[in-house]
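S.K.: Any chance you could fold what I've pasted below:
(3 chains)
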Amino acid sequence: MDIFQSVLLTIATASTPLLIAAIGELVVERSGVLNLGVEGMMVIGAVCAFAASYLTGNPWIGVLAGILAGAVLSLLFGVLALSFATNQVATGLSLTLLGIGLSGMIGEDLVGRAGERLPNLDIPVLTDIPVIGRLLFGQDPLFYVSIALTAAVMWFLFRTRTGLTLRAIGDNHKSAHALGISVLKYRYLAVMFGGACAGLAGAHLSLVYTPQWVENMTAGRGWIALALVVFASWRPWRVIGGAYLFGAVTIGQLHAQALGFGIPSQLLSSLPYLATIVVLVLISRDRRLTVMNTPASLAQPFVPDR
Amino acid sequence: MQSGNEGTELLKTTGLTKVFGEVKACNGIDLSIAPGEIHALLGENGAGKSTLVKMMFGVLDPSEGEILWKGQPVRIGSPGEARRLGIGMVFQHFSLFEALTAAENIALVLEEKTPIHKIAETARQLSVDYGLPLDPNAMVGDLSVGERQRIEIIRCLLQKPDLIILDEPTSVLTPQEANKMFETLERLKAEGKSILYISHRLDEVKRLCDTATVLRHGKVVRHCVPRDETPSSLANMMVGSDVETVKREGAAPEFGKPLIEIRNLQRPPATPFSIPLRGIDLTVRAGEIIGIAGVAGNGQGEFFEAISGEAVQKSPDVITLNGEKCGTRGISGRRLLGVGFVPEERLGHGAVPSLPLSENMLLSRHQTDRKTMLGAFGYIRNAAVKAASQRVISEMDVRKTAEDPEASALSGGNLQKYLIGRELDRQPSVMIVDQPTWGVDAGAAARIRKALIALARSGSAVLVISQDLDELFEISDSIAVMHDGRLSEPVPIAEATYEKIGLLMGGAEPGHMAFEGVKEEAGA
Amino acid sequence: MRIELVKRPQQSALFSAVSPLLALALTVIAGFIIFSFLGKPPLEALYIYFIEPLSETWQLHELAIKAAPLIMIAVGLSVCYASNNWNIGAEGQFIIGGITGSLIPILMPDFQNALTLPLMLLFGFIGGAAMGAIPALLKTKFNTNEILTSLMLVYVAQLFLDWLARGVFRDPNGNNFPGSIRFPSAARLPEIMPSQGGAHLGIVLAIIAAVIVWVMMKYLLRGFEVKVLGGSPRAGRFAGFSSTRMVFFAFILSGGLAGLAGISEVSGAIGQLRETISPGYGFAAIIVAFLGRLNPLGAIAAGFVLALTYLGGEGAQMSLGISDKVARVFQGLLLFFVLGCDTLIHYRVRLVFGDPVKVSG
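M.R.: Got it, this is the predicted structure:
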């Protein structure tokens, strides 16, 4: 395996959790809900996945635990933001704060323990194909999940009636309600899907990316996933591009740190965050386009009258 | 007076009641609709019409009472169930989705798994059949109000309903478009469908409807046959007393010097779905009331923002108010010239819903009344603000439940009286009002119109933007028409007819193609 | 079962007052459950958490030290959130304020006189305000979401501080430990009552800031402008208020106060610039702002409550071996309950059991 290939491989590994979390949040936002708790759900997913995997010795059970933990936490958000119609920005923030606190508490005894890595999918012959072999057939299983998930979300949103309904709710929840669509039911499901995805993304971090538990190990990836949704103008296929761009920046700065160059490591470490800001500025500059793309009822609380 | 005998009604309600908090929006409504009839539901704003039909369509749960559908008692739990029964509804404030295409909007309510392109084809066919042409692949956000209504109607018809509920359908149409729609309704009636037609336009009801139910304060006042009534007898039933018609007294007054001068006002579209303003010219003189008619969404809102200074112009020369070139001044700067503004939206534009009335007083007066209302460092003199608020409340007869209630707690009519009074209290020499009586009860509407006329008589220039043609004919000295971001020459009231104004509303103007007319001919 | 909200015609005055208390009560109940779950004696744990830290004078001083930055930051955030601008990067503005304020004692250690401290505080305010102005500029100029940009800048600020404390600002005589020189006494925020405990002037500054901002919000046109633009931007434009100016005002005020809190912390509680100077005050202050119902005076009370969770967390760790992470959980839960209880101010909440009967058509 040459260096080029291994770099590409690590980029894919770094990008996968961003992609999974962002695609989940994209569905949530398409339904008109802004859940800023991605970071919190992700970190809870990471710790629960690691804990379950550590206790059972089976990383697959860890994956399930991560998904479940993310979904449960998102349900908490749902009850407040949907049933109690609270301010979604504040509620999402509190979810992140709670998630970070809770994960620290759960993971206290797990710090420093060695966990098992989710094994790579190695298809014997195909992985030996030069250049693309390992890239296509030798990745971790969640890489394939992330790609399949993106395709599935694209199909769901733009090819199914349920997806159409979801987009309609995100565009105008009052109209949807008047037509008899159960706005809150769809939104609950969307929020829980987003939570499950964030949890899965967290599981990838603690079971694949760095198979261990470190406090706050998401390090802002949940927020970057949120930025990716804006960057992608709420279109699934663009999320792939965004996620891999950020994966590349992350891996690039890591390699630059390893090589030295005399650039302070802190400056290099802050590159992904600075890149996020730059990208957000570039994408939001055109006000008209932003208005067109943003789901019109995003972050508006909805109280059905009956 | 009831049409039809027991058991043959399509829909019948007995004692239908809806309580919101302590208010009975509908109180024991009995009503029945026979197959193949057009039944009018008449009533003022706030009489309970919308609440009633929302219960019939399953949007609201009745607090008490019963709905019988084809003789069977039913509990309509959702609009989906209403549709399954055979009830369709065309909403006044449409239930459409701007970011979706017409076909997608229609597909949302159809339950079978028909692919979108098939739905688009059926919709196109049906729309041509009924003379309501529409492009199924157009994005709704790009369409005019009239076109949006067609989507609503086609969507409703595709569900093959037995009863169609239409909520104020002509309020967004030109008189000519309305005539066209009446033909469609007659045809549906001939096909045996029943129609529940909600309106407050009496001549329409008289012309179109077989039977009528009149509501007032949530109760049924009368069932009647509109053809046997006169518009004024119908109006009396609705309002409960003789309606005060506002009259401009005396001969045509002499107008003074121009107080509003607009020269070639242009404005690019501010948002993806808004209308650009294309070279508007207008002069309003002292003592004059000019009305601006037009179908909603033809640039009236954009025009109001431009003239109020919420959106400023690049050159001061474009707008002259009270003799002062002020195109580059903001709204406070224009107010200081003695100009008062009342926008269309009361809650969220003219007033902050969550703030009490007295604080809303400050909203438009913190600069004009700086000396009395503010002290050093912008200290708010509460006593002065409250006194002004009290003055307006008693002058305009604003009815309220609390000492200083939040704006959102007032009824539409009372809040509008307050917002108009807030400006009149300054005795502005120029007054610009967008939709002065939209959604306001008849008593408050008459009061507001009288106040506007009195202001003009005292020597101010008044500009009224309204979709209500009756209102404009009642108070204006001339009527200009806004269509697609252009403003027609004002037509003096002596020469103005509904037909003439209606044609202008449809876009008929020299050098400007009568688009709707062409379409109609092509359709026929 | 489902929850139904019924809009009240008027805001409930009762619940406006009661909702923060209700939220506190719910948090205590949740604490009871969590401690039971962890196998600790719940009542004793709650006592250690919420009562014991108040029992001795020196502890009250500790409480004031922790409350000072929380209150100072939350006061600014209250205004910011009331104007519907979402600055969640106070942590970064706090750090930058700490850095810019420290420039004077670190770069000019000999400049020691009565002006030293006021200048440091001013620098701190300016640094925080400048940091806050970045998301404001990006929002007004490029329409960029301020939530994400302000948050991203937190990470940048943390890394920047880390670089300074380990690099250029490192004390050359510090045995290679990260951290600047220790500040001379002229650059230290004085203690209020040195004989009794370590509380420094920071808490006084915080309370002064709260009162000034409260007066502004209640009595001045500027406060009215905040409320109007926050409640309805369109009505604000109709009033002739500029939302662009408000974005800058809100971010510069909240950033500046966060920066002031940062330098107060560095020159008061810490005494040198270290690689980390905040245990998440900038984020906890978000909870303080909401618990105080976005009222600057409310933020004072709320700041002490949050400070208590920090202290209680330390105490519980020492005496019961409960992870100090529990404090974070409490803080998160508290915000959750506050938001939920605030719904009661505007709505009646009804529980509806059973589904509507289906139509028999």
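S.K.: Once you drop chain neighbours, what's closest to B:Gly507?
M.R.: Here the nearest residue to B:Gly507 in space, its sequence neighbours aside, is B:His483; by CB to CB, 6 or more residues apart in numbering or on different chains that works out to 4.7 Å. Where you see a C-beta, it was placed from the backbone N, CA and C, and this is true even at glycine.
S.K.: Cross-check the contact I'm expecting between that neighbour and B:Met505.
M.R.: Yes: contact criterion CB atoms under 8 Å: B:His483 and B:Met505 qualify, at 6.3 Å.
S.K.: Compare these two and say which is more crowded by neighbours.
M.R.: Applying other CB atoms under 10 Å in any protein chain shown to B:His483 and B:Met505 shows that B:Met505 carries more neighbours, namely 25 against 22.
S.K.: before we move on, back to that, in the sheet, who's paired with the residue nearest to B:Gly507?
M.R.: Counting by DSSP bridges, B:His483 forms beta bridges with B:Arg486.
S.K.: Flag every residue of the stretch 151-300 of chain C that's near chain B.
M.R.: Residues of the stretch 151-300 of chain C found near chain B (CB under 8 Å from any CB of the partner chain) are C:219-222, C:224, C:227-228, C:231-232, C:234-235, C:237-240.
S.K.: okay, among those residues, which ones form the most distant pair?
M.R.: Distance extremes for these: the farthest pair is C:Tyr219 and C:Arg234 at 25.1 Å, using CB to CB.
S.K.: circling back to that earlier point, overlap in contacts, B:His483 and B:Met505.
M.R.: Listed as contacting both B:His483 and B:Met505 by CB atoms under 8 Å, 6 or more residues apart in numbering or on different chains are B:Gly294, B:Val295.
S.K.: How about the residues of the stretch 1-150 of chain C by chain B?
M.R.: So the stretch 1-150 of chain C meets chain B at C:Val6, C:Arg8, C:Pro9, C:Gln10, C:Gln11 (CB under 8 Å from any CB).
S.K.: quick one: low-confidence ranges for the stretch 1-150 of chain A?
M.R.: For the stretch 1-150 of chain A, residues meeting the criterion pLDDT under 70 lie at A:1, A:126-127, A:130-135.
S.K.: Chain C contacts on that one?
M.R.: Within the stretch 1-150 of chain A, the positions near chain C by CB under 8 Å from any CB are A:36, A:40, A:76, A:80, A:83-87, A:89-91, A:93-95, A:97-102, A:104-105, A:108.
S.K.: how about 10 Å then?
M.R.: Along the stretch 1-150 of chain A, the residues adjacent to chain C under the rule CB under 10 Å from any CB of the partner chain are A:34, A:36, A:39-40, A:76-77, A:79-109.
S.K.: Okay, and the closest residue to C:Ala187 other than its chain neighbours sits in which element?
M.R.: For C:Ala187, ignoring the flanking residues on the chain, the nearest one in space by CB to CB, 6+ apart is C:Pro105 at 3.9 Å. With secondary structure defined by DSSP states H and E, C:Pro105 is part of helix C:90-107.
S.K.: C-terminal to that helix, which secondary structure element comes first?
M.R.: Per DSSP H and E, the first helix or strand lying C-terminal to helix C:90-107 is helix C:116-142.
S.K.: now, which of the residues of the stretch 151-300 of chain C next to chain B sits nearest B:Met431?
M.R.: Comparing these against B:Met431 with CB to CB places C:Phe238 closest, at 15.1 Å.
S.K.: so how far is C:Ala114 from that closest one?
M.R.: Distance, C:Phe238 to C:Ala114, by CB to CB, to the nearest Å: 49 Å.
S.K.: neighbour count winner among those two?
M.R.: C:Phe238 (26 against 8).
S.K.: helix or strand for the closest residue to the more buried one other than its chain neighbours, which one?
M.R.: Residue nearest to C:Phe238 in three dimensions, not counting chain neighbours: B:His349, with 5.7 Å by CB to CB, 6+ apart. Using DSSP H and E, B:His349 maps to neither a helix nor a strand.
S.K.: Can you give me the buried ones in the host helix or strand of B:Cys26?
M.R.: In this assignment (DSSP H and E), B:Cys26 forms part of strand B:23-33. Across strand B:23-33, burial judged by 16 or more other CB atoms under 10 Å in any protein chain shown covers B:Lys24, B:Ala25, B:Cys26, B:Asn27, B:Ile29, B:Leu31, B:Ser32, B:Ile33.
S.K.: ok, the residues you listed vs chain A, which is closest?
M.R.: Chain A lies nearest to B:Ala25 out of the buried residues of strand B:23-33, by CB to the nearest CB, at 11.2 Å.
S.K.: Show me the shaky parts of chain C.
M.R.: For chain C (pLDDT under 70), the answer is C:1, C:354-361.
S.K.: Around chain B, which positions in the stretch 101-250 of chain A sit nearby?
M.R.: With CB under 10 Å from any CB as the criterion, the stretch 101-250 of chain A meets chain B at residues A:159-161, A:164-165, A:167-172, A:174-182.
S.K.: what sits against the residue nearest to C:Ala187?
M.R.: Residues in contact with C:Pro105 (CB atoms under 10 Å, 6 or more residues apart in numbering or on different chains) are C:111-112, C:116-117, C:120, C:180-184, C:186-188, C:266-267, C:271-273.
S.K.: Nearest residue to C:Gly313 in space, ignoring adjacent ones along the chain?
M.R.: C:Ala327 is the one closest to C:Gly313 (CB to CB, 6+ apart), at 3.1 Å.
S.K.: The one you found falls within a helix, correct?
M.R.: Yes: assessed by DSSP: H, G, I helix; E, B strand; the rest coil, C:Ala327 belongs to a helix.
S.K.: returning to that earlier point: anything in the strand holding B:Cys26 near chain C?
M.R.: Yes: Strand B:23-33 reaches chain C (CB under 10 Å from any CB) through B:Val23.
S.K.: Does anything pack onto that strand? Which helices or strands?
M.R.: Counting contacts by 3 or more CB pairs under 10 Å, 6 or more residues apart in numbering or on different chains; DSSP states H and E, strand B:23-33 packs against strand B:11-20, strand B:38-42, helix B:49-56, strand B:64-69, strand B:194-199, strand B:211-216, strand B:219-224.
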